[in-house]
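[1] model this:
(one chain, ligands or ions: 1)
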Amino acid sequence: MTKITPQPGIMDIALYQGGQSHVAGVEHVIKLSSNENPFGPSPKAIEAVRDSAASLHRYPSTDHASLRAAIGARHGLDPARIICGVGSDEVLQFVAQAYAGPGGEVIYTEHGFSMYPIIARMAGATPVMVAERDRKVDVDAILAAVTGQTRIVFVTNPGNPTSTMIPNDELERLALGLPDTCLMVLDGAYAEFVEAFDGGASLVDAHENVIMTRTFSKVYGLGGMRVGWGYAHRPIIDVLNRVRQPFNLSMTALAAAEAAVNDVEFLTFCQAENARLRVWLADQLAKAGVPSDPSCTNFILARFADRAEAEACDDYLKTQGLIVRRVAGYNLPNALRITVGDEEACRCVVAAINAFKEGAA
Ligand code: PMP
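    A predicted model of the protein is given here:
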């Protein structure tokens, strides 16, 4: 037996669950489990990736100036207050590494993104889970859980997998209620799906202890490229840049993201198709006896009678080549999270759930 042992706490880090893209014995699968864009990336991003190939012998930009300028121009934000990471996961990790650590506590909510406790432990900090109320973030419960050791509060808006929005005045109350030694992270991975929503940028502007994170993995269809970004006040960005590897984003990823953020026409198409198909999918599932809360994202949280029914439905969908997400790990054992696919995928999942319900009845 080896005497080499990991640092204390490493074996407490849970392995991330999810991302399944194959079903044994099924050749053609429709993946509706990772909230990916069914329309793929922007054709302009694909072109930019091809164009970047000739320069692959060069190191990429270390300061991401061009991408930050494009993001800033698109959202009306100061590029100097933006930091880019390998997915928003990496930006979240910068925050935990820089601001939490051994002895520090990191608050996340009951149905919050499963990476928050993982990222907290990676930084050596202690994750503290706070209950939600009816699948909604409970600001009073968060404030009651804050201690002298709390360093970070992670909230997802809109939520994943709940797809619910936290009202702005509640977020304001949270930002004001936190001690000034505690950061609030507004994870806006799904912000682009919500009409007329700035993802929390105005809240960041109003509060020095608030950070917003965003991603290119969802509406921009670039999950495979791994690009995310954060927006905060300059002193925070300065700190986060100190824990960032100089060449964290590849040249290809930078090129793809910049082309994607500039392709407003493709973005608008994806947003409109998602909004249309989401309503249809939720209506059809409700008619099949599977209700969901109103969704403002690119997925719906389909609720079943109990855990056994949700799991039986998931098993049946797999036999049909349909991969959706079990969310028992998010404390939602009676539900399945279903990404809004393209029209064909939505029709397939509705037909399969109807067949399951008829067979199960
Ligand atoms: N936050 C939330 C709420 C998410 O759902 C995800 C992806 N599933 C992420 C952050 C991370 O996304 P990425 O690292 O691909 O940007």
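
[2] where does the chain come near the ligand, residue by residue?
    87-89, 113, 156, 160, 187, 189, 215, 217, 223, 228 (Cβ under 6 Å from any ligand atom). C-betas here are computed from N, CA, C, even on glycine.

[3] Which one (most neighbours) among the residues you listed?
    The member of the residues of the chain next to the ligand surrounded by the most neighbours (other Cβ atoms under 10 Å) is residue 187, with 30 neighbours in all.

[4] Report how many residues lie close to the residue nearest to residue 348 when sequence neighbours are not counted.
    Nearest non-adjacent residue to residue 348, counting by Cβ to Cβ, 6 or more residues apart in numbering: residue 30, 5.9 Å away. For residue 30, the neighbour count with other Cβ under 10 Å is 21.

[5] re earlier: and the furthest pair within the residues of the chain next to the ligand?
    156 and 223 (17.0 Å; Cβ to Cβ).

[6] Check the contact between residue 80 and residue 234; I expect there is one.
    Yes - with contact defined as Cβ atoms under 8 Å, residue 80 counts as touching residue 234 (6.4 Å).

[7] Number of residues surrounding residue 166?
    Residue 166 has 20 neighbours, counted by other Cβ under 10 Å.

[8] quick one: secondary structure of it?
    coil (DSSP: H, G, I helix; E, B strand; the rest coil).

[9] How about the contacts made by it?
    Contact analysis of residue 166 by Cβ atoms under 8 Å, 6 or more residues apart in numbering lists 136-137, 139, 155, 157, 159.

[10] mind running it again at 6 Å?
    By Cβ atoms under 6 Å, 6 or more residues apart in numbering, the contact list for residue 166 reads 137, 157.

[11] And it, how far from residue 92?
    For residue 166, the distance to residue 92 (Cβ to Cβ, to the nearest Å) stands at 18 Å.

[12] Return the nearest residue of the protein with respect to the ligand.
    At 2.5 Å from the ligand, residue 87 is the closest residue in the chain, using Cβ to the nearest ligand atom.

[13] what ranges do the helices span in the protein?
    For the chain, the helices defined by DSSP state H cover 43-52, 65-75, 87-99, 115-122, 139-145, 168-177, 201-206, 234-241, 251-262, 264-287, 307-319, 343-360.

[14] Tabulate the ones you listed (JSON lines), appending distance to residue 130 and mean pLDDT.
    Formatted as JSON lines, the helices of the chain follow (distance: least, Cβ to Cβ, whole Å; pLDDT from 0 to 100):
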{"stretch": "helix 43-52", "distance to residue 130": "38", "mean pLDDT": "98"}
{"stretch": "helix 65-75", "distance to residue 130": "30", "mean pLDDT": "98"}
{"stretch": "helix 87-99", "distance to residue 130": "17", "mean pLDDT": "98"}
{"stretch": "helix 115-122", "distance to residue 130": "11", "mean pLDDT": "97"}
{"stretch": "helix 139-145", "distance to residue 130": "5", "mean pLDDT": "98"}
{"stretch": "helix 168-177", "distance to residue 130": "11", "mean pLDDT": "97"}
{"stretch": "helix 201-206", "distance to residue 130": "19", "mean pLDDT": "97"}
{"stretch": "helix 234-241", "distance to residue 130": "23", "mean pLDDT": "98"}
{"stretch": "helix 251-262", "distance to residue 130": "33", "mean pLDDT": "98"}
{"stretch": "helix 264-287", "distance to residue 130": "28", "mean pLDDT": "98"}
{"stretch": "helix 307-319", "distance to residue 130": "23", "mean pLDDT": "96"}
{"stretch": "helix 343-360", "distance to residue 130": "33", "mean pLDDT": "94"}
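
[15] With distance to residue 11 added, can I get those in CSV?
    What follows is the helices of the chain, written out as CSV (distance: least, Cβ to Cβ, whole Å):
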stretch, distance to residue 11
helix 43-52, 38
helix 65-75, 37
helix 87-99, 18
helix 115-122, 10
helix 139-145, 26
helix 168-177, 33
helix 201-206, 36
helix 234-241, 27
helix 251-262, 31
helix 264-287, 40
helix 307-319, 28
helix 343-360, 38
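
[16] Residue 325: which of the ones you listed is closest?
    Nearest of the helices of the chain to residue 325, taken as Cβ to Cβ: helix 307-319 at 8.6 Å.

[17] residues near the nearest residue to residue 28 once chain neighbours are set aside, how many?
    Once flanking residues are discounted, residue 28 sits nearest to residue 321: 5.5 Å by Cβ to Cβ, 6+ apart. Here the number of neighbours of residue 321 (other Cβ under 10 Å) works out to 16.

[18] so who does residue 321 touch?
    With Cβ under 6 Å, 6+ apart, residue 321 has these contacts: 26, 28-29.

[19] Now, of the residues you listed, which are buried?
    Among the contacts of residue 321, those scoring as buried are residue 29 (criterion: 16 or more other Cβ atoms under 10 Å).

[20] for the contacts of residue 321, which one is nearest residue 358?
    Of all the contacts of residue 321, residue 358 sits closest to residue 26, with 21.4 Å by Cβ to Cβ.

[21] In the sheet, which residues pair with that closest one? Tell me.
    Taking DSSP bridges as the rule, residue 26 bridges to residue 23.

[22] so how far is residue 356 from it?
    Residue 26 is 16 Å from residue 356, by Cβ to Cβ.
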